[in-house]
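Student: Build the 3D model from these lines:
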Amino acid sequence: MILFETEYTYISQQLLETIPSPITSYTVVNELIFIVIRKAIEKKLGIKNYYEFKRIIVEKGYELVEDYIENVMSILRDADVRMIDDYHDLNEWINVMKNYRLLSNDAQIALTCKYYHIDTIATLDEGII
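Tutor: Next comes the predicted model:
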């Protein structure tokens with residue numbers, strides 16, 4: 001199932017098909033769903049501005065994008081992706097942000113990987129690559 005065709009579509013499909021036991025965290029799924037619903041609102045209504053996007057969600061809820069959210073969850077289920085809880089330690093999180101110059105969610109993901117001894121991350125995030 002393809003939600004949006006991009007330059008990363010093929011590699012994303014390959015990763016999901018070839019990683020033997022994929023794992024993700026709630027922070028990653030949070031980011032994924034946010035990006036997907038932003039893109040869906042843009043596609044359906046032509047809205048690119050964050051504040052207009054937020055206004056649409058506040059006024060109309062998720063009705064316009066429920067199918068996209070379900071498709072994300074379906075892709076994760078079909079690929080048998082295991083969900084892990086994010087590791088939380090406020091001081092470590094702030095230190096990772098500062099020391100590695102990461103955005104807050106990226107620091108959370110890195111810290112969670114460290115906690116669970118995950119040493120390989122598959123990402124298409126240009127800020128990380």
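
Student: which residues are contacting stretch 103-117?
Tutor: Stretch 103-117 is contacted from outside by 23, 25, 27-28, 30-31, 84, 86-87, 89, 92-93, 96-97, 100, 102, 118-119, 121, 125, 127-128, using Cβ atoms under 8 Å, 6 or more residues apart in numbering. From N, CA and C alone the C-beta is placed, and that goes for glycine too.

Student: For the chain, give me the ranges with low pLDDT.
Tutor: Within the chain, the segments meeting pLDDT under 70 span 126-129.

Student: which secondary structure elements does the helix ranked longest in it contact?
Tutor: For the chain, the longest helix by residue count, based on DSSP state H, is helix 26-45. If you count contacts as 3 or more Cβ pairs under 8 Å, 6 or more residues apart in numbering; DSSP states H and E, helix 26-45 packs onto helix 50-60, helix 66-78, helix 104-115.

Student: chain center to the longest one, what's the gap?
Tutor: With Cα atoms, centre = their mean, to the nearest Å as the basis, the distance from the averaged C-alpha position of helix 66-78 to the chain average is 12 Å.

Student: any idea which of the helices and strands packed on helix 26-45 is most buried?
Tutor: Highest mean neighbour count of these: helix 104-115, a mean of 19 (counted as mean count of other Cβ atoms under 10 Å).

Student: For stretch 6-25, list the C-alpha coordinates in CSV.
Tutor: The C-alpha coordinates for stretch 6-25 follow below in CSV (Å, rounded to 0.1, in the frame of the first residue of the first chain):
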residue,chain,number,x,y,z
THR,A,6,7.8,10.2,-3.3
GLU,A,7,11.4,9.7,-4.1
TYR,A,8,11.5,7.5,-1.0
THR,A,9,8.6,5.2,-1.9
TYR,A,10,10.7,2.3,-3.3
ILE,A,11,13.3,2.3,-0.5
SER,A,12,10.6,2.5,2.2
GLN,A,13,8.9,-0.5,0.7
GLN,A,14,12.2,-2.4,0.5
LEU,A,15,13.0,-1.6,4.2
LEU,A,16,9.6,-2.8,5.4
GLU,A,17,9.9,-6.0,3.3
THR,A,18,13.5,-6.9,4.2
ILE,A,19,14.0,-5.9,7.9
PRO,A,20,13.5,-9.2,9.7
SER,A,21,12.0,-7.8,13.0
PRO,A,22,11.2,-4.1,12.6
ILE,A,23,10.7,-2.1,15.7
THR,A,24,9.4,1.4,16.2
SER,A,25,8.5,3.7,19.0
